[in-house]
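Novice: Give me a 3D structure for the following:
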Amino acid sequence: MIMVLRQDSPDTSGPLGMPSATSDVQMPVAAPSGPPPPEAAPVYVEAATLWSAYDANTVAADEAFKGRRVYVRSTVERVVESMGTYDVYLEVPGQPYSSIIANFGPEFRSRVAQLGKGSSVAVTGVCNGEMMGNVSLDQCTFGQTP
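Specialist: Residues are numbered from 1 along each chain as shown. Predicted coordinates for the structure are as follows:
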């Protein structure tokens, strides 16, 4: 931390010998700490394992996955356009009414358009937690194995 005190005169007649109110005092400034750390590699997790963690205990699953980048391989159930983005519903083996929903931005439109029910796909996205029986992944990209 850097602290700069500048006085227009050598007068330190303020309380306890501090500069008087006529002095120009600058607040502490933090020195740059260097480049930001590299982004952590995604965590590899099976679709069934990710969903089962949330099904068993959402608090513990959030501690383990929420806000982290995860890499998941699965089979496409369906693809839905939603307000300019694209939701790819990934199959959770043994759970016919639950999915992992991978949300892709508009820049992935042509790639998402090539997917069909039963396609194998690998995605990396930021885990957003569970909602209504589905686990949500945002900011998804294709592939990028850990």
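Novice: can you map out the strands along this protein?
Specialist: 5-6, 24-25, 43-44, 69-82, 85-91, 99-104, 120-131, 134-142 (DSSP state E).
Novice: Buried residues of the last one, list them for me.
Specialist: So that's strand 134-142. For strand 134-142, burial by neighbour count (16 or more other C-beta atoms under 10 Å) applies to 134-137, 140-141. In this view, the C-beta of every residue, glycine as well, is placed from N, C-alpha and C.
Novice: likewise the longest one?
Specialist: Buried residues in strand 69-82, counted by 16+ other C-beta under 10 Å: 69-72, 74, 76-77, 79.
Novice: Pull the contacting residues for Trp51.
Specialist: 92, 95, 98, 100, 135 (C-beta atoms under 8 Å, 6 or more residues apart in numbering).
Novice: Please repeat the previous calculation with a cut-off of 10 Å.
Specialist: Neighbouring residues of Trp51 by C-beta atoms under 10 Å, 6 or more residues apart in numbering: 45, 61, 72, 74, 90-95, 98-100, 130, 133-135.
Novice: Mind checking which of those are buried?
Specialist: So, by 16+ other C-beta under 10 Å, the buried ones in these are 45, 61, 72, 74, 90-92, 95, 98-100, 130, 134-135.
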